[in-house]
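Asker: Have a look at this prediction, sequence included:
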Amino acid sequence: MKKTLVTALLALTAALTAGAQSRTEVCTFPSEVLGAEKSCTVYLPDGYDRSQESYPVLYLLHGASGCHTDWTQKGDLRRIADEAIAAGMARPMIVVMPDASGEGPKRTGKHMGYFDVPGWDYERFFFEEFMPAVEKRYRIASDKAHRAVAGLSMGGGGTAVYALHHPELLNRTLLLILADAEENAPISLTAEAIGVLLVYEIIREAGLRLPKAVGGAVSIVAGLIIGDAAVASGLISTPMLTVTAIAVIAGFVVPDLAQSITLLRLAFLLIAGFWGLFGISLLGAAVLFNLCAGESFGFPITAPIAPLYKKGFRDTLTRVSFRKMQSGSFTVEEYHE
């Protein structure tokens, strides 16, 4: 009798425990937009099958050459989500992992990606067909405050595009917060950055010309007062002031190059304002070419990388002993042969 009762209790406990666990499942949705079927992996938290409440949803986008199963098979998403929810670091949520892999080798090809391309409108499919179908099938709180998107690599690009193209459907992200902050500023990003840098240079020069006892304190107080007033008046956005301050401080990591970095920073800002990323790449290449052409006491500045000299790598990436350096020494003339 006791053995039967114990067996029944164990069976009941096992059944309850099994129903209490989280789970993942794969489902497929047909698409008229794509003219094909697309699958996804869905993570359902502990308690989903026992309750009737609606859950927030996270759309998790995989990277290039991947598929919707990568998060669970390679990323161990179920275990990580379970532990985060159990520790109170995340609230119970549904995680939807859509598939944007291609049909070619290594899941690449013209039909890979989260974006609209000729003959393959994946973004349109995602918002017009996939999202409504998923949120109808599962108990998802279908409002902007309970819907988010994130991704890795190619999925990160999809996240940024979706957040910018559909702010009415997705929760606010850092990207949108930064964009909103810049929209409220009355001047362009380039003018903001140059203005902040010029004010900083004026404050720094004033501090250098004052007695040492008060110069540093005056510079700090002036920076705090002017920065607070500029942000409060809406003349400068908070993200721009923060980024500029970090850039200025980072310029003093190598004090001997502070003046050169100041001039280069201004040049990069101006060319970025006119030509964007192309201008930054062009000026960066010019600076790199100039470094490669420079010499110090007849020795190339970028040696042994440019010009490439394998013998010179002995003390470049790793530290070797002086004895080995002396046994394998080389001269400046070898670089000019």
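Answerer: In hand now; what should we look at?
Asker: what residues go with each domain of the protein?
Answerer: Listed domain ranges for the chain are 22-181, 296-335 (source: automatic domain parsing).
Asker: give me the low-pLDDT residue ranges for this structure?
Answerer: Applying pLDDT under 70 to the chain picks out residues 1-20, 104, 172-184, 311-337.
Asker: Mind giving me the packing neighbours of the one helix or strand residue 95 maps to?
Answerer: Residue 95 is part of strand 94-98 when elements are defined by DSSP states H and E. Under the contact criterion of 3 or more CB pairs under 8 Å, 6 or more residues apart in numbering; DSSP states H and E, strand 94-98 touches strand 36-44, strand 57-61, helix 70-73, helix 77-86. Every C-beta, even on glycine, is put in place using the N, C-alpha and C of the backbone.
Asker: List the strands paired with whatever helix or strand comes next after that strand, with their directions.
Answerer: Downstream of strand 94-98, the next assigned helix or strand under DSSP H and E is strand 116-117. The sheet places strand 116-117 alongside strand 120-121 (antiparallel), with pairing taken from DSSP bridges.
Asker: in the next helix or strand after the partner strand, what's buried?
Answerer: Downstream of strand 120-121, the first helix or strand assigned by DSSP H and E is helix 122-125. Neighbour-count burial for helix 122-125, counted by 16 or more other CB atoms under 10 Å, picks out 122-123, 125.
Asker: For the closest residue to residue 215 other than its chain neighbours, what is the enclosing helix or strand?
Answerer: What sits nearest to residue 215 in space, not counting adjacent residues and going by CB to CB, 6 or more residues apart in numbering, is residue 207, at 4.2 Å. Take DSSP H and E as the rule and residue 207 turns out to sit in helix 189-209.
Asker: Give me the contacts around the next helix or strand after that helix.
Answerer: Downstream of helix 189-209, the next assigned helix or strand under DSSP H and E is helix 212-232. With CB atoms under 8 Å, 6 or more residues apart in numbering as the test, helix 212-232 has contacts from 196, 199-200, 203-204, 206-210, 236-238, 241, 245.
Asker: Of those, which is the most crowded?
Answerer: residue 236 (25 neighbours; other CB atoms under 10 Å).
Asker: hang on, isn't that one packed against residue 192?
Answerer: Yes: between residue 236 and residue 192 there is a contact under CB atoms under 8 Å: 5.6 Å.
Asker: shared neighbours of these two, anything?
Answerer: By CB under 8 Å, 6+ apart, the residues touching both residue 236 and residue 192 are residue 185.
Asker: The strand holding residue 95 to helix 77-86, inter-axis angle?
Answerer: 150 degrees (axes from the mean of the first three to the mean of the last three CA atoms, to 10 degrees).
Asker: Adjacent strands (with direction) for strand 94-98?
Answerer: strand 36-44 (antiparallel), strand 57-61 (parallel).
Asker: TSV for those, including distance to residue 229 and mean neighbour count?
Answerer: Output for those, formatted as TSV (distance: least, CB to CB, whole Å; neighbours: other CB atoms under 10 Å):
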stretch	distance to residue 229	mean neighbour count
strand 36-44	48	18
strand 57-61	40	23
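Asker: could I get these as CSV with distance to residue 253?
Answerer: Output for the strands paired with strand 94-98, formatted as CSV (distance: least, CB to CB, whole Å):
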stretch, distance to residue 253
strand 36-44, 43
strand 57-61, 36
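Asker: Relative to residue 295, which of these is closest?
Answerer: Smallest distance to residue 295 across these (CB to CB): 48.7 Å, for strand 57-61.
Asker: now what about the closest one, what contacts it?
Answerer: By CB under 8 Å, 6+ apart, strand 57-61 touches 71, 77, 93-98, 100, 114, 131, 134-135, 138, 140-141, 146-152, 154-156, 158-159.
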